[in-house]
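Peer 1: Sequence first, then the predicted structure:
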Amino acid sequence: MTIDTDTDTDDALPICADCNEPIRSPIYYNTHDEPICTHCDDLYTRCDDCGDRHHDDDLTDGLCASCCEAREEEPSGPFVYPYEYRLKPDRALDRKTIYYGLEIEVEVGDYYAGAAESIAALAAGYGILKADGSLVRGFELVTYPRTLTEHRDWWRENGEQWASLCRQYSITGHNNTCGIHCHVSRAPLSQLQIGKILVLANSRENQRVLEIIAQRPSSRWAEVSNKRIADAAKTIGYFSRYEAINLQNKDTIEFRIYKGNVLPARILKCLENTAAMTAYCGPANVSCRNLSIDSYIQSVDKKAYPNLHQFLVDRGVINSNQSTITEDMTQCA
């Protein structure tokens, strides 16, 4: 919002609620919806948990007072690392290989401590559990960087036991608080490839299909807004981290679009869609001009991405014998 500053005195100018000086520039608003000047607006930052903007003086380690309080009340224990803990790769990574990392957010219905201990033991060597301020009574499984094949192998070997523990402890990912985030290593990706991913994931005309795959519409935690190929070159800090494709991490790009789920097939569906979109946007696969949701869906190979392909068939997005978008697409739960 802007105001007319063509005046001889400061009396007609609005006063900044933070510094009490006349506002001679576009008007911004603070946390309490009071007018502030450009200089004071620069002193506001988004809370790392809730995403709301707060004055820097009101943030503690990147968190607002409400989220700090929520963190203190979070159930935790020896098996759940704090949110601030940053998981490092457990091995040297080949810069030419694409690795994926999963963040699977869940809520726990019964016996939080027992659930955390059991899931942590199952995931040992694959990932760790972390607290997350967006969850009411849960945690997230954060995996080490792994190739798509290695992720599939782990879920093939451990998926049944994972599902059993989820039933035993009433662990669910269907709450509105839960999501699945998929990280992709940046090193092997070109700037053009990342730009095409941004455009494909954020184009409004693609949302009908992408929301079916994600099993939820865009939200404040994964906002969709039109992007250009050139946006991939924007420096870290230019965009919010709460976007459909988060570019705020130095070593990865993050797909944040997926609804939470604990079914192994659905978790792999999300991972395979991330891998399929990344591959489709590769430099030798599709030009910027031909980028479209239709050609993307046609690229989803049944053998390469079996969980994603079957999901698209089950939801009526494609026919069972071919990867062609059907007219009768059904929304999924």
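Peer 2: Now that the structure is in, tell me what you want to look at.
Peer 1: residues contacting the closest residue in space to E223 that isn't next to it in sequence?
Peer 2: The spatially closest residue to E223, leaving aside those adjacent along the chain, is E243, at 5.2 Å (CB to CB, 6 or more residues apart in numbering). Every C-beta, even on glycine, is put in place using the N, C-alpha and C of the backbone. Contacts for E243 (CB atoms under 8 Å, 6 or more residues apart in numbering) come out as 222-225, 256.
Peer 1: swap in Y111?
Peer 2: Y169.
Peer 1: For A284, grab the count of nearby residues.
Peer 2: Neighbour count for A284, taken as other CB atoms under 10 Å: 4.
Peer 1: pLDDT wise, what is it at?
Peer 2: A284 is assigned a predicted lDDT (pLDDT) of 86.
Peer 1: same question, D61
Peer 2: Note for D61: predicted pLDDT of 76.
Peer 1: Give me the distance between it and E103.
Peer 2: The spacing between D61 and E103, counted by CB to CB, to the nearest Å, is 20 Å.
Peer 1: Neighbour count: these two, which is higher?
Peer 2: Taking other CB under 10 Å, D61 and E103 do not tie; E103 has more neighbours (20 against 9).
Peer 1: residue contacts, the residue nearest to that one when sequence neighbours are not counted?
Peer 2: Nearest non-adjacent residue to E103, counting by CB to CB, 6+ apart: H181, 4.1 Å away. By CB under 8 Å, 6+ apart, the contact list for H181 reads 102-103, 105, 254-256, 258.
Peer 1: just K269 next, same as before
Peer 2: Per CB under 8 Å, 6+ apart, neighbours of K269: 213, 307-308, 311.
Peer 1: In helices, which of those fall?
Peer 2: 213, 307-308, 311 (DSSP state H).
Peer 1: among those residues, which two are most distant?
Peer 2: Using CB to CB, the ones in helices among the contacts of K269 span at most 11.2 Å, a distance reached by I213 and N307.
Peer 1: Compare these two (neighbour count), which wins?
Peer 2: Using other CB under 10 Å, the more surrounded residue of I213 and N307 is I213, with 24 against 20.
Peer 1: can you tell me which residues contact the more buried one?
Peer 2: So I213 contacts 269, 273, 308, 311-312, 317 (CB under 8 Å, 6+ apart).
Peer 1: quick one: which of these is nearest to R91?
Peer 2: The nearest member of those to R91, counting by CB to CB, is N273 at 25.7 Å.
Peer 1: May I see the buried residues of the helix or strand harbouring the closest one?
Peer 2: Using DSSP states H and E, N273 sits within helix 264-280. Neighbour-count burial for helix 264-280, counted by 16 or more other CB atoms under 10 Å, picks out 264, 266-280.
Peer 1: just stretch 22-39 next, same as before
Peer 2: 22-23, 27-28, 30, 35-37.
Peer 1: Which members of these are the farthest-apart pair?
Peer 2: Farthest-apart pair in those is P22 and N30; separation 16.3 Å (CB to CB).
Peer 1: hey, where'd the helices end up in this structure?
Peer 2: Using DSSP H, helices in the chain cover 38-41, 65-73, 112-122, 148-168, 191-202, 207-214, 264-280, 293-298, 306-314.
Peer 1: For Q248, find the nearest of those helices.
Peer 2: Closest among those, using CB to CB: helix 191-202, at 12.8 Å.
Peer 1: Now do that closest one against helix 264-280, angle only.
Peer 2: 130 degrees (axes from the mean of the first three to the mean of the last three CA atoms, to 10 degrees).
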